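In: Sequence and computational prediction follow.
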Amino acid sequence: MPLMNLTESAPLAHTTVHGEIDPDAFRQALGRFASGVTVVTSVDPVDGRPQGMTANAFVSVSLEPPLALVSLARNARMLDVVTRAPRFAVSILHERQSELALHFAGRSDPDLTIEVTVRAGVPVLSESVAYLVMRRHELRAAGDHVLLLGLIEELGFDEARAPLAYYGGRFHRLAPSDHTLELWPEGPEPIWM
Ligand SMILES: Cc1cc2nc3c(=O)[nH]c(=O)nc-3n(C[C@H](O)[C@H](O)[C@H](O)COP(=O)(O)O)c2cc1C
């Protein structure tokens, strides 16, 4: 770990110090963390119906064993489904799937046709950038959310597709950074993971 060469300056605009964290400031600050967009899918064993929910709180956790997690709101209907079902899937959306992201975020569009491929009994979105099929590993309460850890049993990806990005409450498309090319001209090895 390199040592830090420190110089003190003024804090960022909109700084909240100690005490109560204002929910809007929380959303604004955490919303500055750019992410991809996923759809979590599973089949409810009670009625056999496939269910999906948009989630960007998705993290790659461990390679040995292969684990990933999704943070689900405690009142999300998907939480009941994944508590009952042994498996769930995460499909990472591509840049032209923002309609699907909205559809699975409570703005359902009855005219939308959703193409799926069934893997290990779980539907995954056919045109995604990547998908993971996971066995439920652990559910851990975390405030008003529950962390769903999954053991990855199967995955697939398509390098030719570009992902949908989410930043500041909006969908975006990615553009490569010139800086990366300057620092790692030999590419295309990833910088991390
Ligand atoms: C881009 C985006 C990302 C989201 N990420 C999450 C998330 O990580 N976890 C979560 O619980 N809800 C997330 N949501 C909200 C859920 O998709 C939304 O509340 C959904 O309607 C919940 O389904 P339900 O009302 O059937 O329970 C996200 C919504 C959007 C648009």
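Out: Yep, that arrived.

In: Over to Leu79. Which of the three states is it?
Out: Put simply, Leu79 is helix when judged by DSSP: H, G, I helix; E, B strand; the rest coil.

In: Same question for His179.
Out: Under three-state DSSP, the three-state class of His179 is helix.

In: ok, it - how many residues close by?
Out: Residues near His179, counting by other CB atoms under 10 Å, number 8. C-beta: built from backbone N, CA, C; applies to glycine.

In: From the ligand, how far off is it?
Out: 26 Å (CB to the nearest ligand atom, to the nearest Å).

In: and if you look at Gly169?
Out: Gly169 is 8 Å from the ligand, by CB to the nearest ligand atom.

In: what about that residue, neighbour count?
Out: Counted with other CB under 10 Å, Gly169 comes out at 8.

In: Then Arg77?
Out: Look at Arg77: counted by other CB under 10 Å, it has 12 neighbours.

In: contacting residues for it?
Out: Gln51, Met53 (CB atoms under 8 Å, 6 or more residues apart in numbering).

In: With the one 3 residues further on instead?
Out: Asp80 makes contact with Asp44 under the criterion CB under 8 Å, 6+ apart.

In: Close to the ligand: what parts of this protein are there?
Out: Residues of the chain lying near the ligand by CB under 6 Å from any ligand atom: 37, 53-57, 71-73, 76-77, 101, 105-106, 166.

In: Identify those among the residues you listed that sit within helices.
Out: Arg77, Ala101 (DSSP state H).

In: What subset of the residues of the chain next to the ligand is buried?
Out: Val37, Met53, Thr54, Ala55, Asn56, Ala57, Ser71, Leu72, Ala76, Ala101, Tyr166 (16 or more other CB atoms under 10 Å).

In: Adding pLDDT and distance to Leu93, write those out as CSV.
Out: Below are those laid out as CSV (pLDDT from 0 to 100; distance: CB to CB, whole Å):
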residue, pLDDT, distance to Leu93
Val37, 98, 5
Met53, 98, 13
Thr54, 98, 8
Ala55, 98, 11
Asn56, 98, 10
Ala57, 98, 14
Ser71, 98, 17
Leu72, 98, 17
Ala76, 98, 18
Ala101, 97, 6
Tyr166, 98, 9
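
In: Pick out the most distant pair among the residues of the chain next to the ligand.
Out: The largest separation in the residues of the chain next to the ligand, counting by CB to CB, is between Arg77 and Tyr166 at 21.0 Å.

In: Now do the SS call for Tyr131.
Out: Secondary structure, three-state DSSP: Tyr131 is strand.

In: Please look at it and Val122 and confirm they touch.
Out: No - with contacts counted by CB atoms under 8 Å, Tyr131 stays clear of Val122, the gap being 9.3 Å.
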